[in-house]
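Engineer: test case, fold it:
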Amino acid sequence: MNIIAFHGSPREGGNTDLLLREALKAIDPSTHRVRLFRLNLMDIRPCQNCGGCDVTGECVIKDGMEEIYREIRGADRIILASPIFFFGLTAQTKCMLDRCQVFWCEKYLLKRQIPEGLFGRKGLLLLAGGMKKEIGIECSEATAKAFFRTISVPEHTTLSYLGIDAKGAILEHPTALKDAYQAGERLASPI
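Structural biologist: Residues are numbered from 1 along each chain as shown. Sure thing, here's the model as predicted:
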């Protein structure tokens, strides 16, 4: 089973990073291929809305997204992890998602979907934010849902934590790391 994870936080060792590490810890690398993308360290230009992918389903920009496109096509499971900034996903995460317009064009204009594969396609969304209002989760979830739907991931689980602001604050949450580990286990299950 191929599993890819997108780390959308600019802060290494932060709350999102800790949640993602815990989810990945539950996945056995001897039976699953796991690929982690640290979006903040990648060369990914923003979508230019040029229409270049409308006819071909391929982006005209050649950068770090080329590797991501290949991995998304072959993935059985996809993890998207982001802190919540101003009620939404981080710029690093959103930049990558916007460039997935190529998959939207493929699916809706060219009528070509990513094959579901032997294990089907499932996702996991991990969110942490300092605010205490649900709107940050709602906005982030809506964006992630559009991404998952566009890349032919029909179902995903969301784990979200509010009031988690200071670096490492997630460690004080009574269930967060256990929740993330168990979500990773469930995600890696072929059923």
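Engineer: which residues are contacting the helix or strand harbouring T143?
Structural biologist: Element membership for T143, per DSSP states H and E: helix 135-150. Contact with helix 135-150 is made by 78, 80, 82, 84, 87-89, 94, 97, 100, 103-104, 107, 123, 125, 127, 129, 154, 156, 158, 160, 162, as judged by CB atoms under 8 Å, 6 or more residues apart in numbering. C-betas here are computed from N, CA, C, even on glycine.
Engineer: helix/strand/coil for S9?
Structural biologist: coil (DSSP: H, G, I helix; E, B strand; the rest coil).
Engineer: from A91, how far out is it?
Structural biologist: 11 Å (CB to CB, to the nearest Å).
Engineer: quick check: next helix or strand after the least confident helix or strand in the chain by mean pLDDT?
Structural biologist: Using mean pLDDT, DSSP states H and E, the weakest-scoring helix or strand in the chain turns out to be helix 53-56, at a mean of 91. Downstream of helix 53-56, the first helix or strand assigned by DSSP H and E is helix 65-74.
Engineer: name the helices or strands packed onto that next one?
Structural biologist: Counting contacts by 3 or more CB pairs under 8 Å, 6 or more residues apart in numbering; DSSP states H and E, helix 65-74 packs against strand 2-7, strand 33-38.
Engineer: what's the distance between the last one and the middle of its chain?
Structural biologist: Strand 33-38 has its average C-alpha position 11 Å from the chain's average C-alpha position, going by CA atoms, centre = their mean, to the nearest Å.
Engineer: now that strand: mean pLDDT?
Structural biologist: In this model, strand 33-38 has a mean pLDDT of 97.
Engineer: give the other helices and strands that it contacts.
Structural biologist: strand 2-7, helix 15-25, helix 65-74.
Engineer: okay if I get those as a markdown table plus mean neighbour count?
Structural biologist: Formatted as a markdown table, the helices and strands packed on strand 33-38 follow (neighbours: other CB atoms under 10 Å):
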| stretch | mean neighbour count |
| --- | --- |
| strand 2-7 | 23 |
| helix 15-25 | 23 |
| helix 65-74 | 16 |
